[in-house]
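A.B. asks: Here is a sequence together with a model predicted from it:
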Amino acid sequence: MSKIGFIGLGNMGGPMSANLLKAGHEVVGFDLVPAALDGYASLHRAALGALARGGILATASCSARVTPEQFAGAIREAAVKTRTNLSLLEERRQPPDHPIRLSFPEGRYLKFLVLRKGEV
């Protein structure tokens, strides 16, 4: 069977990874916040390196353990390390059918950003 890398082992990723393991796949999981943030930064460095100036980057995270500020920080780190100027075009959260309860901040799990790569 194949080897699969899985980022995010929370409420959705954990059971999905378990099912893949039961099916005989080798699963390498990453879920600790520092490792996840390093992974997000690394993925964004690669994406920014491949993206042409003026290009649009749509990126998302659905990990409740990574706050919106941490996610944006990982993208900011990637932009600094690749000497890329990014402009935020749009920021979204989960739709109204997934309400955010003030008593449960982890419910603010979905982060979706649309960015444009500009001049340095």
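C.D. replies: Cool, got the structure.
A.B. asks: quick one: the strands in this structure?
C.D. replies: 3-7, 26-30, 56-61, 85-92, 111-118 (DSSP state E).
A.B. asks: Can you lay out those strands as a markdown table showing mean pLDDT, mean neighbour count and distance to Phe104?
C.D. replies: For glycine as for every other residue, the C-beta is placed from the backbone atoms N, C-alpha and C. Below are those laid out as a markdown table (pLDDT from 0 to 100; neighbours: other C-beta atoms under 10 Å; distance: least, C-beta to C-beta, whole Å):
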| stretch | mean pLDDT | mean neighbour count | distance to Phe104 |
| --- | --- | --- | --- |
| strand 3-7 | 71 | 13 | 23 |
| strand 26-30 | 71 | 14 | 24 |
| strand 56-61 | 91 | 16 | 18 |
| strand 85-92 | 95 | 12 | 20 |
| strand 111-118 | 92 | 18 | 16 |
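A.B. asks: Show the contacting residues for Ala114.
C.D. replies: Heads up, residue 114 is Val, not Ala. Shown in contact with Val114 (C-beta atoms under 8 Å, 6 or more residues apart in numbering): Ile56, Leu57, Ala58, Leu88, Leu89, Glu90, Glu91.
A.B. asks: my guess is Ala79 meets Leu48, correct?
C.D. replies: Yes. The pair Ala79 and Leu48 qualifies as a contact (C-beta atoms under 8 Å) at a distance of 6.6 Å.
A.B. asks: what residues do these two have in common as contacts?
C.D. replies: Joint contacts of Ala79 and Leu48 (C-beta under 8 Å, 6+ apart) are Leu86.
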